[in-house]
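> Sequence first, then the predicted structure:
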Amino acid sequence: MNLARILARSARTFPERSALLVGAKCVLTYAALAARVARMAGYLRQNLGLAPGDRVAIYMGNSPEYLESLFGVLWAGLVVVPVNAKLHPREVAWIVANAQARLVCVSPELAAGLAGALDESGPAVPLLMPGEGHYQRAVSALAIPVQERAPEDLAWLFYTSGTTGQPKGVMLSHRNLQAMTACFFMDVDPVACEDAVVYAAPLSHGAGLYSFPYVVRGCRHVIPESGGFDPDELINLAGRVGRLALFAAPTMVRRLVERVKSSGADPSGFQTIIYGGGPMYGDDIRAALDVMGPRFVQIYGQGESPMTITALSRSLLADRSDPAWAQRVASVGVAQTLVDVRIVDREGRTLPNDEVGEVVVCGDTVMSGYWRNPEASAAALRDGWLWTGDMGSMDSHGFVTLKDRSKDLIISGGSNIYPREVEEVLITHPAVREVSVIGRHDADWGEVVVAFVVLDPAAADVGQDELDRHCLERIARFKRPKEYRFVDALPKNNYGKVLKTSLRLMLDDGQAEGMLRDGRRPQQSAS
Ligand code: AMP
């Protein structure tokens, strides 16, 4: 079954319901949205001659046309290649060439840059751009019905951020996305038809995948006028639109919570805030629950098993009467309903409860492999299990606690140190706004712990002695940072994840020294 059938079904069942809003204003009903999508699908297949399985890249900022193009491509039986709008045109050209995309849907403001990069990189690929005649013809062409697809046919080719080497195309089928959507209702949120989902995070990533359950229920889809994340705009929209749901990276949640707190805004217009994609520190989720109440759900997933490894439900997060609550909120929850999760050693043997190993997952949500990359596929998929590269443990109740990516583990003097343990301690210091911990090569210790710290501007007198004392009172001596780097901001990717690779490069080329407070050179703390 073609996943796009969910839109056809909702349009038939609830034709007059509001489907697409820009800000608080409705721009399309379900009937109107499905009609435009069906016509665009007809244009892609009949006018442009694209064949089932052809890839179409979408390189657009969040906009109503993004959702139209996404469903138009799927409806036509083609494959969506979602591309982050913040990528450099050259990176996009690389993805377009690797996916052998036959068309790129592109926002007007990104088109000129992309056209230049595509010219440099090889054969011409046509562009479809909202606001231009070509696009108008597309949404006025002859409509076609949803095209048949088999469950295992490719639907979504998502390029991983590629922190090492070139990005890899994760192949997701209609079945993968259907299983992900089913898990959403079972493990994340049942969703009521009155809910409205707001796209504050890029539609090219998790937020776009989470459009599907809200189409199933015939909910409103809200594009913020800013096209992205602005806490004040979201607070305003929650008041005007009501029952707002959103997917947000932990850094976005933190900023939203701070703003709700400082402005004294009423959080009741927020229905559900789903967070994931990176670690949420215990202190942050506690503050979020205090300020905004039981509106949060956590998910843990990765492109290769999208949004679907574990989930920590709203009720578990909110139930402070549970004696295990503190451990629970520090976990990523339990395996989602349609997947099986294990913690294994290097040979793939299941480890006893509470022992740290690699998280592996299997189920209908797991990708079939990487696009035209059999070596990478064989390394990630073994005997039907996806090796996530994440280290973690599982307790006797099935709760998974993540440590770090296996490659981020620091081995100092033969002892394993998980950066997150150190980060969790440093973040509790009132002067620390953000922190990221990495290992640096050291001749004596193998590696030593280095902490990159963003301090609250009001706490200018806090230095490494103070932070060292703070760590010594809370964690083993050998785990505490040997070196602190005070920086104005942490390097993050477009989804708000801290780029540890960039921090490592800053150490390697000495760049970070220029970022030390007061012009001091980095010091080593005594062991
Ligand atoms: P991506 O494929 O870009 O979505 O990145 C997926 C990675 O983000 C996972 O393999 C984890 O390392 C991390 N991640 C995702 N969700 C969480 C979460 N809830 N808590 C901690 N890390 C997470």
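Done, it's in.
> where do the helices sit along the stretch 201-350 of the chain?
Counting by DSSP state H, counting those that start in this stretch, the stretch 201-350 of the chain has helices at residues 206-209, 211-216, 231-241, 250-263, 282-292, 314-318, 325-329.
> Tell me which residues are up against the first one.
Taking CB atoms under 8 Å, 6 or more residues apart in numbering as the criterion, the residues outside helix 206-209 that touch it are 62, 66, 70, 82, 156, 177, 180, 199-202, 246-247, 276-277, 301, 306-307. The way it works is simple: take the backbone N, C-alpha and C, and place the C-beta from them, glycine included.
> can you tell if it touches the ligand?
No. Using CB under 6 Å from any ligand atom, helix 206-209 stays clear of the ligand, with a minimum separation of 6.8 Å.
> repeat for the longest one
No. No part of helix 250-263 sits close enough to the ligand to count as contact by CB under 6 Å from any ligand atom; the gap is at least 7.6 Å.
> so what secondary structure elements neighbour that helix?
Contacts defined by 3 or more CB pairs under 8 Å, 6 or more residues apart in numbering; DSSP states H and E place helix 250-263 against helix 231-241, strand 270-276, helix 282-292.
> and the angle from it to helix 231-241?
70 degrees (axes from the mean of the first three to the mean of the last three CA atoms, to 10 degrees).
> can you list contacts of helix 250-263?
200-201, 229, 231-232, 234-235, 248, 265, 267, 273, 275-281, 284, 287-288, 291-292, 296, 492, 496.
> Now find how far off-centre that helix is within its chain.
18 Å (CA atoms, centre = their mean, to the nearest Å).
> list the contacts for S393?
S393 makes contacts with I343, L351, N353, D354, E355, V356, G357, V400, T401, K403, as judged by CB under 8 Å, 6+ apart.
> Using PDB, write out every CA atom in the one helix or strand the last one maps to.
So that's K403. Following DSSP states H and E, the helix or strand that holds K403 is strand 400-405. Listed next in PDB are the C-alpha coordinates belonging to strand 400-405 (Å, rounded to 0.1, in the frame of the first residue of the first chain):
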ATOM      1  CA  VAL A 400      17.100   1.900  28.100                       C
ATOM      2  CA  THR A 401      19.600   4.500  29.300                       C
ATOM      3  CA  LEU A 402      21.900   5.800  26.600                       C
ATOM      4  CA  LYS A 403      25.500   6.500  27.300                       C
ATOM      5  CA  ASP A 404      27.000   7.900  24.200                       C
ATOM      6  CA  ARG A 405      27.700   7.000  20.600                       C
END
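> Which neighbouring elements make contact with the following helix or strand past that strand?
Downstream of strand 400-405, the next assigned helix or strand under DSSP H and E is strand 410-412. If contacts are counted by 3+ CB pairs under 8 Å, 6+ apart, strand 410-412 sits against strand 415-417, strand 432-442, strand 446-455.
> So what's the gap between strand 410-412 and the chain middle?
28 Å.
> For that strand, which strands pair with it and how are they oriented?
strand 415-417 (antiparallel) (DSSP bridges).
> So which bits of the strand it pairs with are buried?
With burial defined by 16 or more other CB atoms under 10 Å, the residues of strand 415-417 counted as buried are I417.
> What average pLDDT does it get?
Averaged over strand 415-417, pLDDT sits at 83.
> Mind pulling up the pLDDT for the residue found closest to T428 once you drop the neighbours it is linked to in the chain?
The shortest distance from T428 to any non-neighbouring residue, by CB to CB, 6 or more residues apart in numbering, is to D283 (5.7 Å). On the pLDDT scale, D283 is placed at 86.
> Could you report the neighbour count for D283?
D283 has 13 neighbours, counted by other CB atoms under 10 Å.
> check the contacts of helix 250-263 against the ligand, which are close?
Among the contacts of helix 250-263, the ligand is touched by G276, G277, G278, P279 when using CB under 6 Å from any ligand atom.
> for the record, mean pLDDT for stretch 94-102?
What stretch 94-102 shows for mean pLDDT is 96.
> Check the offset of it from the chain's centre.
How far stretch 94-102 lies from its chain's middle: 22 Å, per CA atoms, centre = their mean.
> Same question for stretch 276-284.
Taking the mean of its C-alpha atoms, stretch 276-284 sits 13 Å from the chain's own mean (CA atoms, centre = their mean).
> now do stretch 286-302
Chain-centre distance of stretch 286-302: 15 Å, with CA atoms, centre = their mean.
> quick one: buried residues of that stretch?
If you call a residue buried by 16+ other CB under 10 Å, then stretch 286-302 has these buried ones: 287-289, 291-292, 295-302.
> swap in stretch 239-246?
G239, V241, G242, R243, L244, A245, L246.
> ok, the last one - contacts?
Read that as L246. In this structure, L246 makes contact with V197, V198, Y199, A200, A201, A207, L234, F270, T272, I273, I274, judged by CB under 8 Å, 6+ apart.
> The first one belongs to a helix, doesn't it?
In other words, V197. No. Counting by DSSP: H, G, I helix; E, B strand; the rest coil, V197 is not found in a helix; it is strand.
> ok so, going back, mean neighbour count, the helices and strands packed on strand 410-412: which tops it?
strand 446-455 (a mean of 22; mean count of other CB atoms under 10 Å).
> Run me through the strand neighbours of that strand, direction for each.
Here strand 446-455 is paired, per DSSP bridges, with strand 432-442 (antiparallel), strand 483-486 (parallel).
> Output these in CSV; the columns should cover distance to V96.
Shown next, in CSV, are the strands paired with strand 446-455 (distance: least, CB to CB, whole Å):
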stretch, distance to V96
strand 432-442, 32
strand 483-486, 37
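> sorry, back to before: and the contacts of helix 250-263, which of them are buried?
200-201, 229, 231, 234-235, 248, 265, 267, 273, 275-281, 284, 287-288, 291-292, 296, 492, 496.
> from what I can see the residue nearest to T428 touches I427, true?
Yes. Using CB atoms under 8 Å, D283 is in contact with I427, at 5.7 Å.
> Kindly indicate which of the ones next to the ligand among the contacts of helix 250-263 lies nearest L505.
Nearest to L505 among these: G278, at 19.4 Å, using CB to CB.
> tally of neighbours for the nearest residue to that closest one once chain neighbours are set aside?
Nearest residue to G278, sequence neighbours excluded (CB to CB, 6+ apart): K497, at 4.7 Å. Per other CB under 10 Å, the neighbour tally for K497 reads 18.
> Any regions of the stretch 101-250 of the chain where pLDDT drops low?
Applying pLDDT under 70 to the stretch 101-250 of the chain picks out residues 161-165.
> Which element, helix or strand, includes the residue of the stretch 1-150 of the chain found nearest the ligand?
Of the stretch 1-150 of the chain, the residue with the smallest distance to the ligand, taken as CB to the nearest ligand atom, is N84 at 10.2 Å. Per DSSP H and E, N84 falls between elements, in no helix or strand.
> what does the model give it for pLDDT?
91.
> Now do the contacts for it.
Going by CB under 8 Å, 6+ apart, the list of residues near N84 reads P202, S204, H205, N494, Y495.
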